[in-house]
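>>> Mind folding the following:
(one chain, ligands or ions: 1)
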Amino acid sequence: MIVNGRPILANPPRTVISVQYNLTAPTFREIMNYTSSYLSDIELHCTEKVCNKRLLSYRLQFLSGNLTKTSYSNKVTQLIETNRHPKIIVIGDVHGCVDELRSLLRRCNYLPGDLIIFLGDLVSKGPHSKSVIQLARNLNCLSVRGNHDFEVVRWSQAIKNGAEAPIFQTEHYCIAKELKEKDVEYMESLPWYISCPSLNSLFVHAGFVSGVRLRRQNPRLMMNMRSILPDGTVTSKFFENWPWARLWDGPQTVFFGHDADRGLQQYENAVGLDTGVVYGGRLTACVLPEKKMVSVSARKAYFMYRRKRYT
Ligand SMILES: [Mn+2]
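Numbers count the residues shown, from 1 in each chain. Below is the predicted model of the structure:
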């Protein structure tokens, strides 16, 4: 769309949306308490690169529009035991590709009693976000919280709190509007990470920073990070030579998604399973405890692939 000779983005910067909200702002302290978990990619960029008061205040304005006391899940983590499950099927980013998900489960020989753990981003970009959530609920699957799941949760809470529809109806908003109460509850219940001591394994959407205790890991980074630069900067950007997983030295094995650019990643202590099904790639599972890789190809590309590479 072109307005006044300028192209208007389909997904406008958050700051544009923010102006529509006129809810009472929480105190600055309250906002800051929540900020680390409420920033997504664009905002992350702002905090790291822009020390501009105006931008900051816009961003906070946006946050205040959606924030309520109830909007933050306290469930940081979830512990699981394996002896109850013959096998655990860990699945990378599904992004609404429910047909591929069903094929994958068949190919993994999923049987009742097996435990499915999703690595987040169940929704968005692909065709059947709602069906994926319903399947996940029906099969009692676990999942960690992905950045897109989080955006949907944020919108459903905003809607519940009386927020008006945005001028540009973003995909996350549309998904949130469609969901039933039970779907929303499921999405809200997703933890930042899951740990399974008996398999010496951790499950997270984006990643962890090596050397930081699990309880001290930043939720925003757990949902968004892709690279750790030589100077220690943790970023959601794709710097080809600096995947965070290369620095992870265990002792647990981390299973993660979120990084379709790099595709399947197999380090000694970290396994990346986002193989870009929604871009026409594959949907991949790792079946534990054997660590057997199983994947199916996408029926088609549902979403155009475009991401800047940095070096
Ligand atoms: Mn993601």
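>>> which parts of the stretch 201-311 of the chain sit against the ion?
Counting by Cβ under 5 Å from the ion, the positions of the stretch 201-311 of the chain adjacent to the ion are residue 258. C-betas here are computed from N, CA, C, even on glycine.
>>> Look through the stretch 201-311 of the chain and state the residue closest to the ion.
Each residue of the stretch 201-311 of the chain has a distance to the ion, by Cβ to the ion, and the smallest belongs to residue 258, at 3.8 Å.
>>> Tell me which residues of stretch 174-189 come out buried.
When neighbours are counted by 16 or more other Cβ atoms under 10 Å, the buried residues of stretch 174-189 are found to be 175, 176, 179, 183, 184, 186, 187, 188.
>>> Same question for stretch 206-214.
206, 207, 208, 209, 210.
>>> for these, which one is nearest residue 303?
Here the nearest of the buried residues of stretch 206-214 to residue 303, counting by Cβ to Cβ, is residue 206; it sits at 18.5 Å.
>>> Does the residue nearest to the closest one when sequence neighbours are not counted belong to a helix, a strand or coil?
For residue 206, ignoring the flanking residues on the chain, the nearest one in space by Cβ to Cβ, 6 or more residues apart in numbering is residue 258 at 4.2 Å. Classification of residue 258 using DSSP: H, G, I helix; E, B strand; the rest coil returns coil.
>>> my guess is residue 258 contacts residue 226, does it?
Yes: counting by Cβ atoms under 8 Å, residue 258 touches residue 226, with 6.9 Å between them.
>>> overlap in contacts of those two?
Overlap between the contact sets of residue 258 and residue 226, as judged by Cβ atoms under 8 Å, 6 or more residues apart in numbering, is given by 206, 207.
>>> quick revisit: what is the burial count for the residue of the stretch 201-311 of the chain closest to the ion?
For residue 258, the number of neighbouring residues by other Cβ atoms under 10 Å comes to 27.
>>> And residue 168, by the same measure?
Other residues close to residue 168 by other Cβ under 10 Å number 14.
>>> Now it. Its backbone dihedrals?
Here is the backbone geometry of residue 168 (degrees, to the nearest 10): phi -90, psi 110.
>>> helix, strand or coil for the closest residue to residue 277 other than its chain neighbours?
Counting by Cβ to Cβ, 6+ apart, residue 277 lies nearest to residue 283, which is 3.9 Å off, once chain neighbours are set aside. Per three-state DSSP, the local secondary structure of residue 283 is strand.
>>> need the contact list for residue 283.
Taking Cβ under 8 Å, 6+ apart, we find residue 283 in contact with 91-92, 94, 97, 100-101, 103-104, 275, 277, 295-296, 298.
>>> is it possible to export these to CSV including pLDDT?
Below are these laid out as CSV (pLDDT from 0 to 100):
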residue, pLDDT
91, 98
92, 98
94, 98
97, 98
100, 98
101, 98
103, 98
104, 98
275, 97
277, 97
295, 98
296, 98
298, 97
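>>> among those residues, which are in strands?
Within the contacts of residue 283, residues falling in strands by DSSP state E are 91, 295, 296.
>>> What is the burial count for the second one?
Burial of residue 295, expressed as a neighbour count using other Cβ under 10 Å, amounts to 21.
>>> who touches it in this structure?
104, 275, 282, 283, 284, 285.
>>> Low-confidence regions, the protein specifically.
Counting by pLDDT under 70, the chain contains low-confidence residues at 1-78, 307-311.
>>> any idea how it splits into domains?
According to the domain assignment given by automatic domain parsing, the chain is divided into the following structural domains: 14-71, 77-297.
>>> Most tightly packed of the ones you listed?
Ranked by mean neighbour count under mean count of other Cβ atoms under 10 Å, the domains of the chain are led by domain 77-297, which reaches a mean of 19.
>>> how distant is that one from the center of its chain?
Taking Cα atoms, centre = their mean, to the nearest Å, the mean C-alpha location of domain 77-297 is offset from the chain mean by 6 Å.
>>> hey, what's the nearest residue to residue 139 once chain neighbours are set aside bridged with?
Closest residue to residue 139 in three dimensions, ignoring its sequence neighbours and counting by Cβ to Cβ, 6+ apart: residue 116, at 6.0 Å. Beta-bridge pairing of residue 116, defined through DSSP bridges, involves residue 89.
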